[in-house]
Each structure stands twice: as structure tokens, then as C-alpha cells.
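Asks: Sequence first, predicted model second:
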Amino acid sequence: MCTVVIDVTNAGARMLAVRDEDPQRPWDDLGEWWPEEYPGVIGIHDRRAGGAWLAIDPKARRLAVLLNRADVLDLPESEVLSRGSLALESVSGRSPAAATLPMHGFNLLEATPEGSRVLSWDGVSLRETPVPDGVHMIAHADLDDPSTARIDAWLPLFAGSRPDDEGWAERWIGLLAESATLSPDDDRAIIRDNNPHGYPTMSLLFCTAEVSADTVEARSHVLDRPGHWG
């Protein structure tokens, strides 16, 4: 139940992404963890499946981040593939196609200097949603979905603090800190503990990232305590 805030302009995109995952699942912070298969790609590495939650290719100026969503996939778990390759393949120029997706549901947010989009898979169909100019949020449902409590509560505030200079990351991190005054099991919370909702995941870190014609950059900030602002 990750959360992403993105600001899209004609020059590229800026992003704040919060990762929710099982604290017991091993992972590695931003780095070049795939030097043979994906040379030059930097990402947050999932040790168990070998994939990435967020990945960037600075040379190609591509960024991708993966969010889980509900699905109606009718396959035995033994035949279901990990979604961890999606962000890596995306920044390498290979976006997913429905015919090759024996995977659980996802939202794959792709950002380049030319534009951003969300590819959504529910186990049956793959949909593309262009992300228009402006500030938007996405979690486990559709882009800017008002039925998602954290989007309904915080999208107007992030949009009201739209990045317009080099201090954008600090302003958005400050707003994220403000959101963390909510209990982590509150439906409106962005820094989350999803266990009371039936999912063994908690917010582990957040990344700020920027995509432009010149470069793609990302910085990570690991929470001292899962599900809590430090």
C-alpha cells in the first residue's frame, strides 16, 4: 500500500514516493544492484525476488516505481511471477504487455522528461493512464482516486505546495512529516502501519526523485522505525 506524490510539468517530473513493505523482508537501499543484467540502473533492491521497488536509469533519463493493487488473477501461486522485474524492465525501455503478465495486480508509474503515465494491471486487463500536468497522487487504486482516504486528505495540500524551485523536496518532506502526526493505522496516514487493515506491511522509507532532460536523480530516506516518523 505504497504512496506516490508526483508533479508533472513540460520539463519532466518531481516525485515523493513512500515504500510500504513487510519489515521482515530483506532489502537494500539505492544502489547499482544489477550490474550485469541492468548496467547503470540504480534502485531499491528486494533481496528475496531480486527485483526493484523503484528504479532509475540516469543515462536513459527514465524512472519507474511499483505499487501493488488488488487483482482477479486466477492462477496457482506456483505459476505467478514476481512483479519485481517491472521497474527494472521499464527503465530499460521495456514496459509490460498484458500477454506477458502472469502477475498479481500493480500500478507501475513511469516518468520521463517527455511525460509520465501509470500502467495498471488487475490480472485481466492492462490500462494506461497518462499523468497530466500538475500534482497527483496514487496508491493501491487509480490515479487521484478520492475513495483512497490519504489521497482525499492530502492531495489538496500537496497541490497547494506545488514545487517551483530547488526547495521543493524539503517542502514536500515537511508536509509528509505533518501527515505523520496521524496514527500510522489511520486510513488517511501516508506513513503507515497496514497490519490492522490485514496486510503485514509498514512504511520503511521514502524517496525524493526528479526527472528532467538533463538527468534523473533519486535520494532515499530510511525511517528509523518502520511505520513511524523519526
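Replies: It's in.
Asks: CA atoms for contacts and neighbours, from now on please.
Replies: Noted.
Asks: all helices for the chain, in order.
Replies: All helices of the chain, identified by DSSP state H, fall at 85-91, 149-160, 168-179.
Asks: Most tightly packed of these?
Replies: A comparison of the helices of the chain by mean neighbour count, using mean count of other Cα atoms under 10 Å, puts helix 85-91 on top with a mean of 23.
Asks: What's the per-residue pLDDT of the residue lying farthest from the centre of the chain here?
Replies: Distance to the chain centre peaks in the chain at residue 76, reaching 26.5 Å (criterion: Cα atoms, centre = their mean). In this prediction, residue 76 carries a pLDDT score of 72.
Asks: just the one 3 residues further on next, same as before
Replies: Per-residue pLDDT puts residue 79 at 77.
Asks: Switch the helices of the chain over to CSV; also include mean pLDDT and distance to residue 97.
Replies: Output for the helices of the chain, formatted as CSV (pLDDT from 0 to 100; distance: least, Cα to Cα, whole Å):
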stretch, mean pLDDT, distance to residue 97
helix 85-91, 97, 10
helix 149-160, 96, 28
helix 168-179, 95, 33
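Asks: will you turn these into CSV that also has distance to residue 71?
Replies: Converted to CSV, the helices of the chain look like this (distance: least, Cα to Cα, whole Å):
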stretch, distance to residue 71
helix 85-91, 16
helix 149-160, 20
helix 168-179, 29
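Asks: distance of the residue positioned nearest the centre of the chain from residue 31?
Replies: Geometric centre of the chain, nearest residue: residue 65, 3.9 Å, by Cα atoms, centre = their mean. Distance of residue 65 to residue 31, given as Cα to Cα, to the nearest Å: 15 Å.
Asks: Also residue 5?
Replies: According to Cα to Cα, residue 5 and residue 31 sit 22 Å apart.
Asks: same check, this time on residue 23
Replies: From residue 23 across to residue 31, the span is 19 Å (Cα to Cα).
Asks: Could you list which residues are in contact with residue 38?
Replies: If you count contacts by Cα atoms under 8 Å, 6 or more residues apart in numbering, residue 38 has them with 88, 92.
Asks: thinking again about what came up before, out of residue 5 and residue 31, name the residue with the larger neighbour count.
Replies: residue 5 (22 against 14; other Cα atoms under 10 Å).
Asks: measure the residue lying closest to the more buried one once chain neighbours are set aside to residue 89 for me?
Replies: Spatial nearest neighbour of residue 5, excluding adjacent residues (Cα to Cα, 6 or more residues apart in numbering): residue 137 at 4.5 Å. For residue 137, the distance to residue 89 (Cα to Cα) stands at 23 Å.
Asks: rewinding a little: which ones are touching the residue nearest to residue 5?
Replies: Contacts of residue 137 by Cα under 8 Å, 6+ apart are 3-6, 143-144, 151, 155.
Asks: these two touch, right, residue 193 and residue 185?
Replies: Yes. The pair residue 193 / residue 185 is scored as a contact, 5.1 Å apart, by Cα atoms under 8 Å.
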